[in-house]
Each structure stands twice: as structure tokens, then as C-alpha cells.
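A.B. asks: Sequence and predicted structure below; questions after.
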2 protein chains.
Amino acid sequence: MNIPQSSFSRIVIVGGGFGGIALAKKLGRKEVQVVLIDKHNYHTFQPLLYQVSTGGLEPDSIAYPLRKVVKDFPNFFFRLAEVERVATEEKKIITSIGTLEYDYLVMATGSVTNFFGNDQIEKNSMGMKTIPQSLNLRSLILENFEEALLTDDLHERDALMNFVIVGGGPTGVELAGALAEIKKGILPKDYPDLDTRRVQINIIQSGDRILEGMSEKASRKAEDFLEGLGVQVWKGVHVTGYDGKLVKTATDLTFESATLVWAAGVKAVCTKGLDAKELLTYGSRLMVNKFNQVVGTTDIFAIGDVAQMETQDYPKGHPMMAQPAIQQGKCLGDNLIRLLEQKPMKPFVYKDKGSMATVGRNKAVVDLPNFKFQGVFAWFVWMFVHLFFLIGFRNRAVVFVNWVYNYIRFDREARLIIRPFKKKHT
Amino acid sequence: MNIPQSSFSRIVIVGGGFGGIALAKKLGRKEVQVVLIDKHNYHTFQPLLYQVSTGGLEPDSIAYPLRKVVKDFPNFFFRLAEVERVATEEKKIITSIGTLEYDYLVMATGSVTNFFGNDQIEKNSMGMKTIPQSLNLRSLILENFEEALLTDDLHERDALMNFVIVGGGPTGVELAGALAEIKKGILPKDYPDLDTRRVQINIIQSGDRILEGMSEKASRKAEDFLEGLGVQVWKGVHVTGYDGKLVKTATDLTFESATLVWAAGVKAVCTKGLDAKELLTYGSRLMVNKFNQVVGTTDIFAIGDVAQMETQDYPKGHPMMAQPAIQQGKCLGDNLIRLLEQKPMKPFVYKDKGSMATVGRNKAVVDLPNFKFQGVFAWFVWMFVHLFFLIGFRNRAVVFVNWVYNYIRFDREARLIIRPFKKKHT
């Protein structure tokens, strides 16, 4: 892999997400050699992917070149590669571009959509965990309307304009809200020759409330917001199959729809060599101790979505979100330095900074540890926090310009079919 | 195609480029039914494609939804389709989504890259006429550097870092300049473990000067600018072949390069049914009279790159650029109304507003009809003019933010491999 030998210990970080970057920044100027590996050459700001799918933001403004993150760090190497296997005995990783030995290995590979083993749904539905996936969804939504214009079959036209989102977490809720705003503000102007009032947006949650990870008040308010926007919220409904046309559920309820977005769950990315049963827990996460050390190893660590740290406060592990990943990345950075200096490591303690979701303009819900609020102010807080956590000044400026424009003009101009989705798949 | 019948005459415009849009805007509120057809759902601002290829701008900021252009016009219909054939006798077009009758047909289909019949070059080189092409080139350039890092073969490494641009028009010059700036400002930081001084940028022109369409002074100055940036300018060199590795020329001169960008010429898009020999001229352009009427027809018009109007000042037709297309679109809009009102049409007179090209920061050349200048002021004029002609306030704002940022920071942050080019092709 052409990484020079050095007298420093080599730390290999797999994954440039929130956790991997937080860790890289901590190690940037220390006396270690760091190799950051990712299969993309950019970091993705996943919380805003739904805005890419719905034409509110351009993909480039929520991506950030990984080489730029590490460019000022000496002894830092970035490699664009996929890790195929970890050979724990030989302390090396086997990747698409060769093998590499490590002194310490940090898995920060994040998560992928979890279809819970349902191949039919996996094949026919859309995920929204990466930028290419979000762009595919954007193309599909727009292509569906272009097709709806052309058909004389009312049944087919309704199916093309019926969107089913499975999963009532922040991703599902934010996407449903954005689609509802498009229905209201953009479709009647873009498609004057189509009865866009017939557009349906359905969000399906298996549990008894949406935003299950938040407070009951937030759930209730988000549901009110969604229904106010014309979204149909289905609770306690289990989707069991989708053949590209008909969404089936555990009961008689079905939906005729050309678009199923699956946002019902994620699972950790599982890497060969670290997939022994005793290491993995629910959702393929790697069991780690309080120092993020993978159980049974001394030189392998895991942070973020891929790590399962069971504590008294979080007996099932921390939520699979940005905050735990960032905090674990920072903590592990300090701990690796301590380890190299042969000092004892400090256990990770998660500081819950709260959670939030947005439904639409002036409509968001925010749960802070001591204060829960909803509505206009929550929406401004949501925007401020997302701008703050975006990486890069240019990205912040471009996102800000887009948001101001979209807010004032009730518009989303990135409704472009740059690479058609359907053509590629037929 | 589901276009309702109306009592108005139906004008069908094929192509939503500069010409098509200028025409559409003229007809927007007149007593005609207009159908605008394009194979993309967006207008592309082609003069800035090279900035997309080189990571300076995001693709979405130089694209504009066509439905948005026409959304306020009554009796206006947009259809996403490719025209397969024109049946002139029956006055209808056959498209990928059905047939459509017209009263008047306007071809505004623009141009594509002209490989002058060389299939080998067409297969192995990169064009830069559409957004997907520009994104492919962006991915390829970045992938080449990632690969150059990995190889121990010095020969191969040099070929991966050797860029050959064929064609010394504005596209080639602007791309070469942008690559040179990347070499200087970004590569040493992004690839500290690669000897990026070995990056070569070659621009090859078959004629005896670059920017042949501009004044000799502009050519000379642009060449100085390029050479100052380290670009090798080859004149009087004819590229004859490229197998993906070796660029061959009419002499012994060869280049080992993994990237050949072909910007050596364009040809008009030729549509079946309008491809009779007597209609076509050099470069597949349709011969039109001074009213942009295709010769031998009364109900078919052509504007922009696809139209060849031979006048005293332009015996070989107008240059294939934005300005003639825009002016012809506007003029034809007025003429079609006059035609419907049974008034005589007015002949098209091209008003040359000058031309310009940029090489890099503070380096541009501008030829106005009465005033030619180069350097910093020219560069500001170039930027102002391009911002002015961009469609949409949001696009202007986002491009402006990017340019200010890039200027201050010597940076280009959109260096993202969002869809790998090589993976798809191997």
C-alpha cells in the first residue's frame, strides 16, 4: 500500500465518518503514524442526506474531501480503499489495494441500511445512507412525476405519485416532511397539467409512535406537524414485502406505490475477520469495553455505530448517531496517546447533548437534556446546530445560501435528474 | 404524449439550451401553445462545465430546472424525452415517449463532441459537453492520483499524472489552466507522499495558435498565461490516435497518458428526418435562411449550434457559442409571432458582443468589438459576465460564494469522487 515504515507506532483508522474524523483530528500532531482508510474520498454529513434526495441541497455541499481533513497533519496517510478482511493474528488488514500492518486498528466503519434479511425489499426499495443512494432517490422521485404525466392509466398514475416511507426515525420523518413541502410548494407549479393533489405521502412505523428515540412530547408534536402537512402516519404497521409495485404489511393493509424508501433501521458494517460470533452483538455491532477496545483484543478498537458499549445508562449500547461517534473518537484519541505513553486509559462517558428532528419550515422538535421545545425556535436551533456541525466553511456558506433561498422562495432548485435512476436499472 | 389540443397554434421546441430557453421566454405569454422537449430536465450552463470537472463548482449550481423556466407560462408544456425522428410530411415528431404533431417545429438541439470519425479516440477519451461527462472527468482525474500513489512503476505513475487536452479553444484553455492551478495549489497538500511536480499538463492545438476564434493578442497572451502556469502548449500538432495509454500524433511525437480530454471540436446534433444531404452543411448543421427557417421548409426552424446561417459577415455560419443561440432564439420568438399574425418576418442580424476566456486567477483575455484587454481586469469582467448569464438567483449566489472562497483560499473543495468513473467501466 506504499506506506513508509516509521519509528512511530502505526494507527490504522478504517472509516472517515464522524467518529473517524474526530479521532484523526486528535491524533493529527502526535508522535504516531496514522493511516486513514475509506472507500470514498469524502466525508458525508449524513443528517442532511434527505435534503439531497429532495432537491434542497446539492450533494457537494454536504460532502468534504477527506484528504483536506488530514492535509496539515505530518505522518498522516489517506488511502481510498475497501477493507476486505482483518487478519488479527498477523496484525494486518487486507484491502482492495493491498495489505497493511497495524500496531493499533480502529474500526469506524459506521452502519448500512438494515433490511432484516428481507431480500425482496432490499432489491426493490431505496436506501438513503450514502450520497449516491440519495441522488438515486432524487432522480427516481422526479422520474416518477415525469412518468405520471404520460400515463392514461389512473391506477398507475396514483402509484407513481404515492410515496411510502418505512421507518419513523428522524430520517423517515424528515424525508416525509420534505416531500410534503414539495407537494405543496413545487409540484403544482412544475406540473400544472397533473393533478398533484393526488400525491400521497405515507410514513409507516412498526412501533406505537414516531421518533421513538425522543420524548413523547416530541413524537406527538412531530406527528401533528406531519399530519398538518398532509402526510399519512401509520403506526403499529409491519411492512412485510414489496415487489416494486405493492407494499404488503402483516395485515390486510397494502399500498400501491412505485417508491418505497426503507429507513426502518441500520446495522453496523461487519468486516471479515472481526465477525466471530462472540464479538458481535445485536445489529452486528462489535462488543467493546469502556475504552472502546473490542472484547478479547488489546490492539483493536471500535467507535461509533460499529461499537457496542454496554453501560448502566445504555444497556443496549449508545444510539447509532453522530454524537456518540464524535465523542468516542475524541476520547479514543486521548486514550491511544495515553496507551502509547503507558499511562492508564480513561473510560468513555457519553454526554447526551439531546436530539432533534425537523419536519418542515418552522417545524422542528428538540429534546435537550433539561428542556424540550417544538416549533419555530426549535427549527432555528436545528438549522444552527446542523450548520455548526457541517465541516468546512464553504459547505456552511453554500448550505446557508440554499436554506435562506429555499425559505424565502418556498423553493428547492436542485430538482435535477443528472443521472437517471430508471434507465440504469432497466 | 398527453398534450391537450388547443385552438392556438402549437410550437414545438426541441432543446432547452441557450437558444431554446431564449425562445421559450419570448413565447411565454403569447397566444400559442408551446411544447418544450429536452432529454434532461435541466438547462446546462456549458461555459462553466470545466469548473465542475476540476472541482471548483458543484454541478447543481450550473444546472437549472427547465420546468422552473416555464412554470409561469400558460399553455406551456415541458416533456422529458428524446426526439428519435421528425416526420416532416406528417408534421410530427416521433420521440421516446410517443408522437406529437406540430404546427411549427424549432430545432435547438445544440452540439456534441466531434471526434471526426475516429472511433478509437471516441472510445478512450473524455468529452466535456454535459454535466455527467464533466463529473466523470472529475472522478477520473482524482482516481488517477489515488492510483499514482499506489504504483511502484515510475512509468505508470507518470502516465497517470500526465494530462493531455486536445483542442485549443476556450474549453481546452480553461481546463488546462484550472488543472495547472490544481497542480500548484492543491496537489502538494493533498498528496504529500507523491511527487506532484511531475504532473504534466499538455494542451495540443492543430492550428498555429490557441483561441483561434479570438484576436492574435488574446491568443498570445493566453499562451503566455498557460506557460507561466507550467502548461505545455503544442501547436501545429495533429492527434491521430489514443488507445487509453499512448497518444499518437501525425509525427513521431507521442504522449504516455492515462487521460485524454477531447475538446477539439463540436458538431451539430443531427436528427433523423432532417438529415437529408441537401439540408446539412459542414459539421452537420442545418442550412437555414435569414429567418432561421430550414431551407426547403416553411414550418421548421433551427437556432443556435444546429443552425447554419450563411451571411456576408459569417460566410461559414455563426460561431457555435451561446451568444448567437440566444440572439437567434429571441429573434425567432418575435418572428414566430409575426408569422402567426401574418406579418412579414424580420431577418436575423448577429450582434457580436465579443468573446472571452479565462486561464486562471487574475488571468483572462477579453475581446470586445472595440476594445481588447487581458489580465486582472479581464478576469473580473469574465466572472461578472458569467455570473450575469447564469440562470437563477440561487445559482448565482452559490457560484459567487464558491468563487470568493476559491479565490481567497486557493482551493477547490468539490474534489469528490461521488460516482467512480473507472469502476463503472471495468
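C.D. replies: Okay, I see it.

A.B. asks: going forward, measure contacts and count neighbours with C-alpha atoms only.
C.D. replies: OK.

A.B. asks: Can you give me the end-to-end span of stretch A:353-372?
C.D. replies: 12 Å (CA to CA, to the nearest Å).

A.B. asks: hang on, I meant stretch A:245-263
C.D. replies: Per CA to CA, stretch A:245-263 runs 18 Å from first to last residue.

A.B. asks: show me where pLDDT drops low in chain A?
C.D. replies: For chain A, residues meeting the criterion pLDDT under 70 lie at A:424-426.

A.B. asks: any idea which residue sits dead centre in it?
C.D. replies: Residue closest to the mean C-alpha point of chain A, counted by CA atoms, centre = their mean, is residue A:46 at 4.1 Å.

A.B. asks: my guess is that one contacts residue A:130, does it?
C.D. replies: Yes: using CA atoms under 8 Å, residue A:46 is in contact with residue A:130, at 7.3 Å.

A.B. asks: on that earlier part again, what residues does the nearest residue to the residue nearest to the centre of chain A once chain neighbours are set aside make contact with?
C.D. replies: Of all residues not flanking residue A:46 in the chain, residue A:129 sits nearest, at 6.8 Å (CA to CA, 6 or more residues apart in numbering or on different chains). For residue A:129, the contact set (CA atoms under 8 Å, 6 or more residues apart in numbering or on different chains) comprises A:46, A:49, A:112, A:113.

A.B. asks: Report the beta-bridge partner residues of the third one.
C.D. replies: Per DSSP bridges, the residues bridged to residue A:112 are residue A:267.

A.B. asks: and it, how many neighbours?
C.D. replies: For residue A:112, the count of nearby residues is 17 (other CA atoms under 10 Å in any protein chain shown).

A.B. asks: do the second one as well
C.D. replies: Summarising burial for residue A:49: neighbours were counted as other CA under 10 Å, giving 27.

A.B. asks: Helix, strand, or coil at it?
C.D. replies: Here residue A:49 is recorded as helix under DSSP: H, G, I helix; E, B strand; the rest coil.

A.B. asks: That one contacts residue A:128, correct?
C.D. replies: Yes: if you go by CA under 8 Å, residue A:49 and residue A:128 touch, sitting 7.0 Å apart.

A.B. asks: What is the end-to-end distance of stretch A:260-269?
C.D. replies: Terminal residues of stretch A:260-269 lie 23 Å apart, using CA to CA.

A.B. asks: what about that stretch, distance to the chain center?
C.D. replies: Put simply, stretch A:260-269 sits 9 Å off its chain's centre (CA atoms, centre = their mean, to the nearest Å).

A.B. asks: Other residues contacting that stretch?
C.D. replies: Contact with stretch A:260-269 is made by A:109-115, A:124-128, A:163-169, A:171-172, A:205, A:242, A:244, A:247, A:283-285, A:305-306, as judged by CA under 8 Å, 6+ apart.

A.B. asks: tell me which residues in that stretch are buried?
C.D. replies: For stretch A:260-269, burial by neighbour count (16 or more other CA atoms under 10 Å in any protein chain shown) applies to A:260, A:261, A:262, A:263, A:264, A:265, A:266, A:267, A:268, A:269.

A.B. asks: any common contacting residues for residue A:49 and residue A:128?
C.D. replies: Jointly contacting residue A:49 and residue A:128 under the rule CA under 8 Å, 6+ apart are residue A:134.

A.B. asks: Just name the closest of the contacts of residue A:129 to residue B:325, please.
C.D. replies: Set against residue B:325, the nearest of the contacts of residue A:129 by CA to CA is residue A:49 (37.4 Å).

A.B. asks: and the residue nearest to residue A:46, that's in a helix?
C.D. replies: No: under the criterion used here (three-state DSSP), residue A:129 is coil, not part of a helix.

A.B. asks: rewinding a little: same list (the contacts of residue A:129) but as CSV, adding distance to residue B:27.
C.D. replies: Below are the contacts of residue A:129 laid out as CSV (distance: CA to CA, whole Å):
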residue, distance to residue B:27
A:46, 43
A:49, 38
A:112, 49
A:113, 48
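
A.B. asks: which of these lies closest to residue A:188?
C.D. replies: Of all the contacts of residue A:129, residue A:49 has the smallest distance to residue A:188: 24.5 Å, by CA to CA.

A.B. asks: Strands of the stretch 51-200 of chain A, start to end?
C.D. replies: Ranges of strands within the stretch 51-200 of chain A are A:63-65, A:76-80, A:83-87, A:92-95, A:98-101, A:104-107, A:111-113, A:162-166, A:200-205, based on DSSP state E, counting those that start in this stretch.

A.B. asks: how about those, which one is nearest residue A:31?
C.D. replies: In terms of CA to CA, the element of the strands of the stretch 51-200 of chain A nearest to residue A:31 is strand A:76-80, at 10.5 Å.

A.B. asks: Share the number of residues neighbouring residue A:175, please.
C.D. replies: For residue A:175, the neighbour count with other CA under 10 Å is 26.

A.B. asks: any idea how far chain B is from the closest residue in space to it that isn't next to it in sequence?
C.D. replies: The shortest distance from residue A:175 to any non-neighbouring residue, by CA to CA, 6+ apart, is to residue A:50 (5.5 Å). Distance, residue A:50 to chain B, using CA to the nearest CA, to the nearest Å: 16 Å.

A.B. asks: surely residue A:50 meets residue A:173?
C.D. replies: No: with contact defined as CA under 8 Å, residue A:50 does not reach residue A:173; the gap is 9.8 Å.

A.B. asks: Go through stretch A:112-126 and flag the buried ones.
C.D. replies: So stretch A:112-126, judged by 16+ other CA under 10 Å, has buried residues A:112, A:113, A:114, A:115, A:121, A:122, A:124, A:125, A:126.

A.B. asks: what does stretch A:386-405 give?
C.D. replies: A:386-387, A:390-392, A:394-403, A:405.

A.B. asks: so which of these would you say is closest to residue A:8?
C.D. replies: Closest to residue A:8, out of all of those and judged by CA to CA, is residue A:391, at 28.9 Å.

A.B. asks: Can you give me the separation between the residue of the stretch 201-350 of chain A found nearest chain B and residue A:148?
C.D. replies: Going by CA to the nearest CA, chain B is nearest to residue A:258 of the stretch 201-350 of chain A, at 18.8 Å. Note on residue A:258: its distance to residue A:148, by CA to CA, is 11 Å.

A.B. asks: who has more neighbours, those two?
C.D. replies: A count of neighbours by other CA under 10 Å puts residue A:258 above the other of residue A:258 and residue A:148, at 25 against 22.

A.B. asks: Contact partners for the more buried one?
C.D. replies: When contacts are counted by CA under 8 Å, 6+ apart, residue A:258 touches A:144, A:159, A:160, A:161, A:162, A:163, A:244, A:245, A:246.

A.B. asks: Export those residues to CSV and append columns for distance to chain B and neighbour count.
C.D. replies: As requested, these are exported to CSV (distance: CA to the nearest CA, whole Å; neighbours: other CA atoms under 10 Å in any protein chain shown):
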residue, distance to chain B, neighbour count
A:144, 12, 18
A:159, 18, 21
A:160, 16, 26
A:161, 17, 25
A:162, 21, 21
A:163, 21, 24
A:244, 22, 16
A:245, 21, 16
A:246, 25, 16
